[in-house]
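> Compute the structure for the input listed below.
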Amino acid sequence: MSIVTDDRAVIDPYAASRAELPLLGRANPLSKFGALAIITVALVWSIDWLSAGIAVFCELLVLPLAGLNLRLLWTRAWPLVAAAVLGGWSTAVLAPDKGPLIFSVGIWTMGEHSLLLGVGFFLRGLAIALPAVIVMACTEPTDLADALAQLARLPHRFVLGTLAALRLVGLMVAEWQTIGMARRARGVGASGNVLSGLAAKLGQSFGLLVQSIRRASRLAVTMEARGFGAGPRTWARPSRLSAVDAWVVLGALVIAGVAVGTSVLLGVWHVVY
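Take a look at the predicted model:
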């Protein structure tokens, strides 16, 4: 869709709105997922603390390009941070103790080698998870669907299903909160007991599952009634690659190369077998 003014200048309202987005928001979703794959492949083969730490530092520097700050990143990624901390602690405690013993509490012992291994596991988890959070925070579901259908040439059923799923994530969060408030208003799980609270959460999860199945059924009927899946479809907005996408991929190569290269030069790089 375009608007022709009196001076015959053609204005694309969608392009004008995209100009207000941060740099990574203007990049094509395929280039962002390609950059994500580059960093993941570079870090998945190593578990040393230096390469992962450099990658995490570089990824934090990229936050303003995605319109994020540390506070917004924490609200989105705190479960991943908690999982990385738990994984790093477990690795440090269970890994073989080599080198000087740092502490020993009961059956838990930790040496210098196991501590570095746990820190490396923690930083590696963050370095792999943070790019995914950044990419999803600055990627519009509709843009992702356009890129998957037009550039990746994926089947329309898969693309539209992915778009519907991404669109319904926020709705599922709102329904979870609504079900929780409704159950609290009826006094369900209000005894304060841990077991009753767990049972209440299980019941709330079952209610959300029922609502999700009903909504998915209604959505499928609606999409079928409107002709989805009946034949080849056209797309309202073209999905193209630009110079921004080249910079995104180049930036991912630089981050991966600097992280792994520095670790190799300093003799810290440790390959996962």
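
> now the helices: where do they sit in the stretch 1-150 of the chain?
Counting by DSSP state H, counting those that start in this stretch, the stretch 1-150 of the chain has helices at residues 13-18, 23-26, 29-44, 49-61, 70-94, 112-137, 141-150.

> mean pLDDT lowest for which of the ones you listed?
Lowest mean pLDDT within these: helix 13-18, at a mean of 56.

> before we move on, the earlier item: adding mean neighbour count and distance to residue 169, write the helices of the stretch 1-150 of the chain out as a markdown table.
For the C-beta atoms, the positions are set from N, CA and C on the backbone; glycine is no exception. Formatted as a markdown table, the helices of the stretch 1-150 of the chain follow (neighbours: other Cβ atoms under 10 Å; distance: least, Cβ to Cβ, whole Å):
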| stretch | mean neighbour count | distance to residue 169 |
| --- | --- | --- |
| helix 13-18 | 11 | 22 |
| helix 23-26 | 19 | 18 |
| helix 29-44 | 19 | 16 |
| helix 49-61 | 20 | 23 |
| helix 70-94 | 14 | 12 |
| helix 112-137 | 21 | 10 |
| helix 141-150 | 20 | 9 |
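
> For stretch 170-182, buried residues please.
Residues 175, 179, 180 are the ones in stretch 170-182 that count as buried (16 or more other Cβ atoms under 10 Å).

> Which of the residues you listed fall within helices?
Of the buried residues of stretch 170-182, the ones assigned to helices by DSSP state H are 175, 179, 180.

> where does the stretch 151-273 of the chain dip in pLDDT?
Applying pLDDT under 70 to the stretch 151-273 of the chain picks out residues 188-194, 229-231, 272-273.

> Could you pull up the residues touching residue 162?
For residue 162, the contacting residues are 141, 144, 145, 148, by Cβ atoms under 8 Å, 6 or more residues apart in numbering.

> Switch those over to CSV; also include distance to residue 271.
CSV is the format used below for the contacts of residue 162 (distance: Cβ to Cβ, whole Å):
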residue, distance to residue 271
141, 37
144, 33
145, 38
148, 33
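
> closest to residue 212 among those residues?
residue 141 (17.4 Å; Cβ to Cβ).

> Tell me how many other residues surround the nearest residue in space to the closest one that is not next to it in sequence.
Using Cβ to Cβ, 6 or more residues apart in numbering and skipping the chain neighbours, the partner closest in space to residue 141 is residue 166 (3.9 Å). When neighbours are counted by other Cβ atoms under 10 Å, residue 166 registers 16.

> Just to check, residue 127 is in contact with residue 44?
No: at 9.8 Å, residue 127 does not count as touching residue 44 under the criterion of Cβ atoms under 8 Å.

> check contacts around residue 262.
Counting by Cβ under 8 Å, 6+ apart, residue 262 has contacts 50, 51, 54.

> which one of those sits closest to residue 154?
Among the contacts of residue 262, and counting by Cβ to Cβ, the member closest to residue 154 is residue 51, at 32.8 Å.

> Nearest spatial neighbour of that closest one, chain-adjacent residues omitted?
The shortest distance from residue 51 to any non-neighbouring residue, by Cβ to Cβ, 6+ apart, is to residue 263 (3.8 Å).

> helix/strand/coil for the closest residue to residue 142 other than its chain neighbours?
Spatial nearest neighbour of residue 142, excluding adjacent residues (Cβ to Cβ, 6+ apart): residue 163 at 6.8 Å. With DSSP: H, G, I helix; E, B strand; the rest coil as the basis, residue 163 sits in helix.

> Quick check: residue 163 touching residue 147?
No: assessed by Cβ under 8 Å, residue 163 is found out of contact with residue 147, at 11.1 Å.

> Sounds good, over and out.
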